[in-house]
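Asks: fold the stuff below for me.
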Amino acid sequence: EGKGKRRNPLHDFKKTGELMLIKVNKTLEVKTKLLNTTEQCAKRCSRNKGLSFTCKAFAYDRVTKRCHWLSFNSLTNGVRKKQDHAFDLYEKKDYIRNCIIGKGADYKGTISVTKSGIQCQAWNSMIPHEH
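Replies: Model (predicted):
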C-alpha cells in the first residue's frame, strides 16, 4: 500500500447479492443505521465501531440505504438465508474461510478436523503436542 492510498474496506468481505440473513435464535444481535455506501458499512463492521458485539457480516439495503450489522453469518446456527432483491450480504472472510493462512493464529473458520478426519487439538491445549 503506497502512501496516500486508502485500502477498500470491502476487500475483507465476501459479497452475495440479493440475500439477507434472518435470525431464528433471538439472542443473536443486529444493529441498523442509515449510511450512504457499502464502504461505510464495511468500515464500521471491521472496526466494530458503535457495536456491542463482534460484527461478522452486514447486509446493505440498497433501497433505503440502510446498513444492518450482524453478530452472525450464514454459517451460524439459528440463522436462515432469505432471497431479497433489496439486500446484498457481505460476510467477513475471516469468519467464513475454511483454510488457515500462515500459522493460523487468527483463524476463525469452522474446520476442526484434519484432512484424514482426526479432531484438531484445541489452541489452548498442549496435549498431545506442544505448539
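Asks: for the residue lying closest to Leu21 once chain neighbours are set aside, which residues are in contact?
Replies: Excluding the flanking residues, the one nearest Leu21 by C-beta to C-beta, 6 or more residues apart in numbering is Val79, at 5.3 Å. Where you see a C-beta, it was placed from the backbone N, CA and C, and this is true even at glycine. If a contact means C-beta atoms under 8 Å, 6 or more residues apart in numbering, then Val79 has Leu21, Ile22, Lys23, Val24, Asn25, Leu28, Phe72, Asn73 as its contacts.
Asks: which of these sit farthest apart?
Replies: Pairwise distances across the contacts of Val79 (C-beta to C-beta) peak at 14.0 Å, for the pair Val24 and Asn73.
Asks: between the two, which one's more packed in?
Replies: Asn73 (20 against 10; other C-beta atoms under 10 Å).
Asks: Three-state assignment for that one, please.
Replies: coil (DSSP: H, G, I helix; E, B strand; the rest coil).
Asks: and it, how close does it get to Phe87?
Replies: Note on Asn73: its distance to Phe87, by C-beta to C-beta, to the nearest Å, is 14 Å.
Asks: number of nearby residues for Arg97?
Replies: Arg97, neighbours per other C-beta under 10 Å, totals 16.
Asks: so what's the residue count around the closest residue to it other than its chain neighbours?
Replies: Excluding the flanking residues, the one nearest Arg97 by C-beta to C-beta, 6+ apart is Gly109, at 4.9 Å. For Gly109, the count of nearby residues is 16 (other C-beta under 10 Å).
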